[in-house]
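give me a 3D structure for the following:
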Amino acid sequence: MADPELEQIRARRMAEMQQQMGLPQGVESGDGYPGAYQQGGGEQKAEQQARQEELKNTILAGILDQSARSRLNNLKLVKPDKAAMVENMLIQMAQSGQVQGKIGEDHLKTILERVSEQTKPVGKVKFQRRKVFDDDSDDDY
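Predicted coordinates for the structure are as follows:
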């Protein structure tokens, strides 16, 4: 990372990816409509997803410290949907300028708690079992 040339390449690549992420899905720059590339669409789509994943990882590596990053990776193994929500939230926070410095594990825990509160089930199903009115004292004949 000490090499300024490498930093310039990374900055250029990040700007390029951010520009591409701003476009709607399936539209390349200069295309007039979403179905503009039918041939080889699978390869381009996979390449675009790989670029977006790389950009996401770069942004997250820049805003999370090592312990927070490992916690997020562990969460991704157990609950991928929740981890994706947290990653998107962190990226939005970084892009809007709400993140100053690196986010530590404690701050990430509070973010995870907020996400957990938002994703709690609305209502719980409660089972009420019927009580059988079978009293043994009635069997006295």
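
for stretch 108-126, buried residues please.
For stretch 108-126, burial by neighbour count (16 or more other CB atoms under 10 Å) applies to 108, 111-112. In short, each C-beta sits where N, CA and C put it, glycine included.

ok now do Glu87, which residues does it touch?
Applying CB atoms under 8 Å, 6 or more residues apart in numbering to Glu87 gives the contacts 56, 60, 72.

can I assume the first one is in contact with Ala94?
Put plainly, it is Lys56. No. Using CB atoms under 8 Å, Lys56 is not in contact with Ala94; the gap is 10.6 Å.

any residues in contact with both of these two?
Joint contacts of Lys56 and Ala94 (CB under 8 Å, 6+ apart) do not exist.

for the residue sitting nearest the centre point of the chain, which non-adjacent residue is closest in space?
By CA atoms, centre = their mean, the chain has its centre lying nearest to Ala84, at 1.8 Å. In this structure, Ala84 finds its nearest non-sequential neighbour in Lys76, 7.9 Å apart by CB to CB, 6 or more residues apart in numbering.

what's next to the helix or strand containing His107, contact-wise?
Element membership for His107 (DSSP states H and E) is helix 105-118. Helix 105-118 is contacted by residues 64-65, 67-68, 71-72, 75, 82, 85-86, 89-90, 103 when judged by CB under 8 Å, 6+ apart.

could you give the mean pLDDT of that helix?
Here helix 105-118 scores 89 as its mean pLDDT.

gap between it and the chain center?
13 Å (CA atoms, centre = their mean, to the nearest Å).

CA atoms only for it, dumped as CSV, please.
Output in CSV follows, covering the C-alpha atoms of helix 105-118 (Å, rounded to 0.1, in the frame of the first residue of the first chain):
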residue,chain,number,x,y,z
GLU,A,105,-16.1,-4.4,16.7
ASP,A,106,-18.1,-2.7,19.5
HIS,A,107,-19.6,-0.2,17.0
LEU,A,108,-20.4,-3.1,14.6
LYS,A,109,-22.2,-4.9,17.5
THR,A,110,-24.5,-1.9,18.0
ILE,A,111,-25.2,-1.8,14.3
LEU,A,112,-26.0,-5.5,14.3
GLU,A,113,-28.3,-5.0,17.3
ARG,A,114,-30.2,-2.3,15.4
VAL,A,115,-30.5,-4.5,12.3
SER,A,116,-31.8,-7.4,14.6
GLU,A,117,-34.4,-5.1,16.1
GLN,A,118,-35.6,-4.1,12.6
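
all set now, cheers.
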